[in-house]
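Enquirer: predicted structure and sequence below. I'll ask about it afterward.
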Amino acid sequence: MADNRTTTQILQEMLEVPGIKAILIVGKDGFVIEAAGAFGKTDLDNVGASVATVILGTDKMSEELKIQAFNSLTFEAADAMIICVPIGDALLVLLAPDNKTLGMIRLQVKKVVPALEKFF
Amino acid sequence: MALKLEFTFDDKTYRRYMNGFVTVMHCHHYMSLLSKLAIDFDDIGGARILCESVEDSIRPMIDDYCAKNSIASFEDKLDVGRQYYSAMGMGVMKISGNPGQGEVTLTRSHVDQGWMKKWGQHTVPVNHWTRGYIAAMFAAAAGKPPRSYEIAETASMVMGQPTSVFTVKSR
Amino acid sequence: MTVQRDVVVKQLAEIQAQADEEGLIPAYNVLVNMLPVTFWNTFTKRMMDAVPAEKREKLEAELVNCALECGYNTGYGIITSDEFKSVVEPMITEGAKDVLRGAYAVFTAWGWAKSGIVQIKEGERMVVRAPDYYEADIASGYKSGFMIRGVSSAFFDLAYGKPYPDGLKTFVCVQTAGIEVGDPFGEFVVTR
């Protein structure tokens, strides 16, 4: 069956996954394409720019180490976890308060990536 | 008195402001095509709509500047309009007149020079944009409501004349 | 590496065009004007309100065309300018895709529309989103991003059409979402 969901609908559905607090889709250049969830007063443009800078760094690292580009990137902090996954020319960025539901989140990401990739 | 210009931008939207009014840069291609569009759609009043849109969007800028800088006389208000015209990149004006009538000469004109740069000379005047601007400027200076002045372009750079001339008459 | 939008926007936003002693702003091979957006929006709205139904499509096409030629000519002036060469070009590693990313960063920095690229299929299709653009201020109830439509197809013409000045109107752009019609962003799709 054809998947006619919009990116907005897909992101809203992802927010229902336990543990996912907020989601961003960021262009490779740092442009914030779409956001969903609880960001409070966070400046999303700055977050987008930071994501682009990090990706730039990892690309460079891959190049230096002569390994392939990353297909998932996880940052863990005491009070947050961030997962970045490439979707076409963009990046899906997920924010969670901790790693308790990491397995569920990864499973959900695996499911939605093909649906999102066609948009980017 | 020299016009004080303050340029700012909103660092969230990147909209740009001139003395508190959102402005945007466009080029002579855009202006020429828009002027032509207004002329081509004259069956629905295109040129009139162009003039009135200019009058209604420029007037608040002149009124606001004069109010904030305590500029009260007819002549001084006209001078604010003259300087704004140049600051917007629209050319150079020479103005004479009183609240009843006047004359405006353009020695440089974005609309006319832009049109000629794009298409060369034309057989009729095309500077409806400046007609609206002059209407706004005189009405602001005289403290009159919109549509108080009738502006006619009697000489035109696009028709090969060295300057463009507009006559101003109170309705 | 690719174009770092934030770097481009922040550097170019600082540039402020100013009129010369002749009251003109010559830049990027064109004469620039700097007018209140209320003028552009008021004119568009009043023309759209005045036009009869049978001529509406023609008017819309002409409004888009004004920006198309503007975007094509000024866009070319911008991507060949010293500013673009010094700020954007060093970051270009993905050819035309990166030129387009840079072009939208400039489009944002200079206040036309806060906009960026969602998708590029090279030479075929581009999707652009804009979370803020001045045409959204038109309380129209219909999609009125005519300027962004024109400029977006012009940018794609420059990137994938025949070399300037012969590539104009290779692509067309439609608006698929608009803040002015209640969507959270404007969306513009360019195709052949």
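Expert: Looks like it arrived, so ask away.
Enquirer: check the chain and tell me which residue is nearest its centre.
Expert: By default, I'm working from chain A. Geometric centre of chain A, nearest residue: A:Val93, 1.8 Å, by CA atoms, centre = their mean.
Enquirer: let me rephrase: I mean chain C.
Expert: C:Val151 (3.4 Å).
Enquirer: please see if the helix or strand where the residue nearest to the centre of chain A lies touches chain C.
Expert: Following DSSP states H and E, one finds A:Val93 within strand A:90-96. Yes - for strand A:90-96, a contact with chain C is found by CB under 8 Å from any CB of the partner chain, at A:Ala90. C-betas here are computed from N, CA, C, even on glycine.
Enquirer: quickly run through the sheet partners of that strand, with directions.
Expert: Its sheet considered, strand A:90-96 pairs with strand A:22-27 (antiparallel), strand A:80-87 (antiparallel) by DSSP bridges.
Enquirer: tell me the most buried of these?
Expert: strand A:22-27 (a mean of 24; mean count of other CB atoms under 10 Å in any protein chain shown).
Enquirer: could you check how far the nearest residue to the residue nearest to the centre of chain C once chain neighbours are set aside is from C:Ile148?
Expert: Spatial nearest neighbour of C:Val151, chain neighbours left out: C:Gly71 (3.4 Å); criterion: CB to CB, 6 or more residues apart in numbering or on different chains. From C:Gly71 across to C:Ile148, the span is 9 Å (CB to CB, to the nearest Å).
Enquirer: these two: which has the busier surroundings?
Expert: C:Gly71 (31 against 28; other CB atoms under 10 Å in any protein chain shown).
Enquirer: in terms of helices and strands, where is that one?
Expert: Per DSSP H and E: helix C:53-79 holds C:Gly71.
Enquirer: only the buried residues of that helix, if you could.
Expert: Going by neighbour count (16 or more other CB atoms under 10 Å in any protein chain shown), the buried part of helix C:53-79 is C:59-60, C:62-79.
Enquirer: repeat for stretch C:35-55
Expert: Neighbour counts over stretch C:35-55 (16+ other CB under 10 Å) mark C:35-48, C:50-51 as buried.
Enquirer: what's the nearest residue in chain B when you look at chain C?
Expert: B:Ser86 (3.2 Å; CB to the nearest CB).
Enquirer: residue numbers of chain B in contact with chain A?
Expert: B:Lys12.
Enquirer: where exactly do the helices run in chain B?
Expert: For chain B, the helices defined by DSSP state H cover B:28-40, B:46-68, B:74-87, B:110-119, B:128-142.
Enquirer: repeat for chain C
Expert: C:5-13, C:37-50, C:53-79, C:82-87, C:95-109, C:146-160.
Enquirer: tell me who's in contact with the residue of chain A at minimum distance from chain B.
Expert: Per CB to the nearest CB, A:Asp45 is where chain A lies closest to chain B, at 7.5 Å. Taking CB atoms under 8 Å, 6 or more residues apart in numbering or on different chains, we find A:Asp45 in contact with A:Val32, B:Lys12, C:Asp6.
Enquirer: ramachandran coordinates for the first one?
Expert: When you say that, I think you mean A:Val32. phi -80, psi 110 (degrees, to the nearest 10).
Enquirer: which residues touch it?
Expert: Contacts for A:Val32 (CB under 8 Å, 6+ apart) come out as A:Leu24, A:Ile25, A:Val26, A:Leu44, A:Asp45, A:Val47, A:Gly48, C:Gly116, C:Pro131.
Enquirer: rebuild those as a markdown table, extending it with distance to A:Ser62.
Expert: Compiled in a markdown table, the contacts of A:Val32 are given as follows (distance: CB to CB, whole Å):
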| residue | distance to A:Ser62 |
| --- | --- |
| A:Leu24 | 22 |
| A:Ile25 | 22 |
| A:Val26 | 18 |
| A:Leu44 | 26 |
| A:Asp45 | 26 |
| A:Val47 | 22 |
| A:Gly48 | 21 |
| C:Gly116 | 24 |
| C:Pro131 | 31 |
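Enquirer: okay but A:Leu11 is in contact with A:Leu24, surely?
Expert: No - contact criterion CB atoms under 8 Å: A:Leu11 and A:Leu24 do not qualify, at 9.0 Å.
Enquirer: shared neighbours, these two?
Expert: Common neighbours of A:Leu11 and A:Leu24, using CB under 8 Å, 6+ apart, are A:Glu34.
Enquirer: skipping adjacent residues, who's closest to whatever residue of chain C ends up closest to chain A in space?
Expert: For chain C, the residue closest to chain A is C:Gly116, as judged by CB to the nearest CB, at 3.0 Å. Leaving aside its sequence neighbours, C:Gly116 sits nearest to A:Phe31 (CB to CB, 6+ apart; 3.0 Å).
Enquirer: dump the residue contacts of the one you found.
Expert: The contact partners of A:Phe31, taken as CB under 8 Å, 6+ apart, are A:Gly48, C:Arg5, C:Arg101, C:Tyr104, C:Gly116, C:Ile117.
Enquirer: and B:Pro162, how far from chain A?
Expert: 49 Å (CB to the nearest CB, to the nearest Å).
Enquirer: what about that residue, distance to B:Gly81?
Expert: Taken as CB to CB, the span from B:Pro162 to B:Gly81 is 23 Å.
Enquirer: and C:Leu63, by the same measure?
Expert: C:Leu63 is 28 Å from B:Gly81, by CB to CB.
Enquirer: tell me which parts of chain C are close to chain A?
Expert: Going by CB under 8 Å from any CB, the residues of chain C near chain A are C:1-7, C:97, C:101, C:104-105, C:116-120, C:127, C:129, C:131, C:184-185.
Enquirer: and if we set it to 6 Å?
Expert: C:Thr2, C:Val3, C:Gln4, C:Arg5, C:Asp6, C:Arg101, C:Gly116, C:Ile117, C:Val118, C:Gln119, C:Arg129 (CB under 6 Å from any CB of the partner chain).
Enquirer: how many neighbours does the fifth one have?
Expert: When neighbours are defined as other CB under 10 Å, C:Asp6 has 19 of them.
Enquirer: pretty sure A:Ile55 is in a strand, no?
Expert: No - the assignment for A:Ile55 (DSSP: H, G, I helix; E, B strand; the rest coil) gives helix, which keeps it out of a strand.
Enquirer: chain neighbours aside, what residue packs nearest to it?
Expert: A:Leu91 (6.5 Å).
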